[in-house]
Every structure is written in C-alpha cells, then in structure tokens.
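Undergrad: got a predicted model here, sequence first, then my questions.
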Amino acid sequence: MKKKLNSKMPAVLFLLLSSSILFSCGPKVIPEDLERKVDQEISFREVKKNPESYKGRRMLVGGEIIEIRNLQNKTEIEILQKPLGRDRAPINVDESGGRFVLIHPAFLDPSVFRSGRRLTAVGLVEGGRSEQVGEAEMVQPVLQSEHIHLWPPGEGGRSEPSIGIGLGFGFGFSR
C-alpha cells in the first residue's frame with residue numbers, strides 16, 4: 001500500500017503545482033505593450049514632492065476615487081493614492097502618499113466611477129496643480145490617463161498571498 005502511494009506522489013504534486021500556477025494567473029490589468037513603457041524608476045512620493053520635474057514620464061498608480069468631475073471634453077478624477085499589491089490593485093490600508101488628479105479624455109459615468117471605487121491607471125505626468133482640501137492648499141500631481149482599470153468591489157488588493165486547499169472545500173487567509 002505504501003509503495004502504491006509513493007508512486008502516485010509525483011503526479012499528485014505536479015497536478016497541485018500546475019493548477020495553483022494556472023489559477024494564480026489573473027486577468028491582465030495593464031496591456032503588456034503599455035506596461036513595458038511605465039517608468040519603474042519613479043515613485044508616487046517623488047512625483048508628489050515635485051510634479052513639474054517629472055513631466056512627460058509615464059507611471060503606474062492606483063487608489064480610491066474621491067470625486068469625479070465631468071467637463072466639456074474630459075473627465076477629471078480626484079484619487080486618494082494607495083500602494084498597489086502584487087495583482088496591481090490598490091491595497092485597502094490606512095496609508096496614502098496623498099491625492100492626485102487623473103484626466104481622462106472622454107466622459108466617464110459618475111454612477112460607475114463613483115466615490116469609494118478603486119482603480120489602477122497608467123498616466124503621463126502633466127505637472128501639478130494647487131487644490132483646496134478643506135482649509136489646506138496642496139499641490140496634487142496631474143496625470144493624463146492612458147489606461148484605467150476599475151476594480152469590481154471586493155476584488156483584488158490583497159497584501160499577502162492567499163492559500164486554498166481541497167475539492168469543494170476551501171481554507172484561505174486573506175486581508
């Protein structure tokens with residue numbers, strides 16, 4: 001009996017490993033050709049400090065929508081920046097590098113892109129703009145949108161891996 005079990009062990013391990021790799025490959029958030037163009041050398045905190053010096057540089061950002069403003073030929077989305085998880089979704093944590101404005105060249109429905117929704121975007125830094133937040137005035141980076149991924153509620157944004165085991169029965173850890 002023990003010999004029979006040992007002979008099947010490599011096949012079972014292969015099946016478990018290959019299925020976990022297959023299921024860990026989620027939907028592509030950023031198109032591959034655009035992802036290669038993202039400047040990996042800059043961080044949101046650097047751009048926030050001096051947005052004018054990063055004009056024209058492409059960055060990957062994400063966060064939670066604060067407000068959306070539809071104007072004549074564009075939509076402005078004010079976003080509270082959040083760190084991105086490995087799946088590129090904004091992580092639901094109580095930390096942020098600040099706010100930024102994402103300019104989209106078309107109408108976005110405020111019922112869909114509503115306050116509290118999370119998004120991940122690729123944008124070109126256009127500079128900064130002074131905005132009033134309460135009684136404080138602060139400079140917010142302004143980015144021209146090249147791609148937006150709006151996350152469905154409750155999807156993405158895990159800060160650590162999730163583990164599942166079983167057929168019809170699961171056990172997992174997530175944040």
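TA: Nice, I can see it.
Undergrad: how about low-confidence regions in this structure?
TA: For the chain, applying pLDDT under 70 flags the ranges 1-27, 155-175.
Undergrad: quick one, strands of it?
TA: In the chain, strands defined by DSSP state E lie at 58-70, 75-81, 99-104, 118-133, 136-150, listed in chain order.
Undergrad: redo the ones you listed as CSV? Include distance to K48 and mean neighbour count.
TA: The C-beta positions use only the backbone N, C-alpha and C, and glycine is treated the same way. CSV is the format used below for those (distance: least, C-beta to C-beta, whole Å; neighbours: other C-beta atoms under 10 Å):
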stretch, distance to K48, mean neighbour count
strand 58-70, 10, 19
strand 75-81, 8, 21
strand 99-104, 7, 21
strand 118-133, 8, 18
strand 136-150, 6, 17
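Undergrad: a markdown table for those strands, including distance to K28?
TA: Converted to a markdown table, the strands of the chain look like this (distance: least, C-beta to C-beta, whole Å):
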| stretch | distance to K28 |
| --- | --- |
| strand 58-70 | 13 |
| strand 75-81 | 21 |
| strand 99-104 | 20 |
| strand 118-133 | 11 |
| strand 136-150 | 9 |
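Undergrad: which residues does E76 bridge with?
TA: Beta-bridge pairing for E76 (DSSP bridges): R69, I103.
Undergrad: quick one: contacts for L124?
TA: The contact partners of L124, taken as C-beta atoms under 8 Å, 6 or more residues apart in numbering, are G56, R57, R58, L143, Q144, E146.
Undergrad: excluding chain neighbours, what is closest to the last one?
TA: The spatial neighbour of E146 that comes closest, neighbours along the chain excluded (C-beta to C-beta, 6 or more residues apart in numbering), is V122 at 4.8 Å.
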